[in-house]
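> Mind folding the following:
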Amino acid sequence: MRKTWSLSILMLLSAMLVLAGCNSGSKDDNTFKVGLEAGYAPFNWTQNGEANGGVPIDGSAEYAGGYDVEIAKKIADGLGKKLVIVKTEWNGLVPALTSGKIDAIIAGMSPTAERKESIDFSDNYYKSNLVMVVKKGGSYEGATSIQDFSGAKITAQLNTFHYSVIDQINGVNKQPAMDDFPAMRVALESGAIDGYVSELPEGVSAAAANENFAYVEFTEGFTTSDDDTAIAVGLEKGSDLTEKINEILAGISEDERAAIMNDAIKNQPAAN
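Purely as a prediction, here's the structure:
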């Protein structure tokens, strides 16, 4: 009898532990957790308040704003969920998604073939071209071809295709990749680099934020694929959110997307 009673208690405790484990790892169905750097203006940035539609960053007194945040708002509204912004370093975004810490990556991320091996993507929500951000009035501002940067000290963000395309410049002095765009802007300002590869909106943003910067659009530019210069929502493999998010994105016209980007460039904080 004692053995039977002990076995019953043991089974009850085991069941309680299993249930507790399930509950602790479950997702909140009422929230839409989005990961982004909050450091890639005009796509996303960090700010001190809710001006221009800023959204609180989870676990922080700071707020996030930018094009990605506005797109995230529309998706969250369409899903009927509360938007939660989870500030995450670039290299940590995919691990955060695959581990279930976030529901989606909306961070100016391109749906490259390499990334598609580990995560899924929505339809594109932005399309851009590559530019080079340089010093205004410097010897490279008038460049028209990527080959004009032969011998120049050029870098790009770590773990992005921006960094790999630098190899298309003959004789380039390729510098170590940098963690984020604020770091590259500091390096450019100090003269540590002659330029960095970026998307057109970030180039426009950099020039708007700092009168010493300019961006070069090329007549003879980098060779890229359509996916390389597109931007989409990153999702878990087989996510049941993909179809609904694609429906929401389809309802945002090209004119509206352009207007959102123009507002983001205009509203970005000076420090970004």
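> At which residues are the strands of the protein located?
Along the chain, counting by DSSP state E, strands occupy 31-36, 45-47, 55-56, 63-65, 82-87, 104-105, 120-127, 130-135, 153-155, 173-174, 195-199, 213-216, 230-235.
> Contact partners for the residue lying closest to P56 once chain neighbours are set aside?
Among residues not flanking P56 along the chain, Y63 sits closest, at 5.6 Å (C-beta to C-beta, 6 or more residues apart in numbering). Every residue, glycine included, has its C-beta placed from N, CA and C. Residues in contact with Y63 (C-beta atoms under 8 Å, 6 or more residues apart in numbering) are T46, Q47, N48, G49, E50, G54, V55, P56, I57.
> Beta-bridge partners for Y63, please?
With DSSP bridges as the criterion, Y63 is bridged to Q47, P56.
> Look up how far L36 lies from it.
Distance of Y63 to L36, given as C-beta to C-beta, to the nearest Å: 12 Å.
> What of G138?
From G138 to L36 the distance is 31 Å (C-beta to C-beta).
> More neighbours: those two, which one.
Each of G138 and L36 has its neighbours counted (other C-beta atoms under 10 Å); L36 has more, 28 against 16.
> Quick check: closest non-adjacent residue to the most centrally placed residue in the chain.
Among the residues of the chain, the one closest to the centroid is A107, at 2.0 Å (C-alpha atoms, centre = their mean). Using C-beta to C-beta, 6+ apart and skipping the chain neighbours, the partner closest in space to A107 is L36 (3.9 Å).
> How about S128?
E199 (4.4 Å).
> before we move on, back to that, can you redo the strands of the chain as CSV with distance to N246 and mean pLDDT?
Below are the strands of the chain laid out as CSV (distance: least, C-beta to C-beta, whole Å; pLDDT from 0 to 100):
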stretch, distance to N246, mean pLDDT
strand 31-36, 15, 98
strand 45-47, 26, 96
strand 55-56, 22, 98
strand 63-65, 24, 98
strand 82-87, 18, 98
strand 104-105, 12, 98
strand 120-127, 5, 97
strand 130-135, 26, 98
strand 153-155, 35, 98
strand 173-174, 37, 98
strand 195-199, 22, 97
strand 213-216, 31, 98
strand 230-235, 9, 97
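> Relative to N262, which of those is closest?
strand 120-127 (12.6 Å; C-beta to C-beta).
> Partner strands of that closest one, with direction?
strand 230-235 (antiparallel).
> Could you report the neighbour count for A104?
Counted with other C-beta under 10 Å, A104 comes out at 26.
> wait, L241
Residues near L241, counting by other C-beta under 10 Å: 19.
> these two touch, right, it and A104?
Yes: the pair L241 / A104 is scored as a contact, 7.0 Å apart, by C-beta atoms under 8 Å.
> So V172 sits against D148, correct?
No: the pair V172 and D148 fails to qualify as a contact (C-beta under 8 Å) at a distance of 10.6 Å.
> before we move on, the earlier item: distance to D263 for the strands of the chain - can I get that in JSON lines?
Formatted as JSON lines, those follow (distance: least, C-beta to C-beta, whole Å):
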{"stretch": "strand 31-36", "distance to D263": "17"}
{"stretch": "strand 45-47", "distance to D263": "13"}
{"stretch": "strand 55-56", "distance to D263": "15"}
{"stretch": "strand 63-65", "distance to D263": "10"}
{"stretch": "strand 82-87", "distance to D263": "18"}
{"stretch": "strand 104-105", "distance to D263": "22"}
{"stretch": "strand 120-127", "distance to D263": "14"}
{"stretch": "strand 130-135", "distance to D263": "20"}
{"stretch": "strand 153-155", "distance to D263": "29"}
{"stretch": "strand 173-174", "distance to D263": "35"}
{"stretch": "strand 195-199", "distance to D263": "17"}
{"stretch": "strand 213-216", "distance to D263": "19"}
{"stretch": "strand 230-235", "distance to D263": "17"}
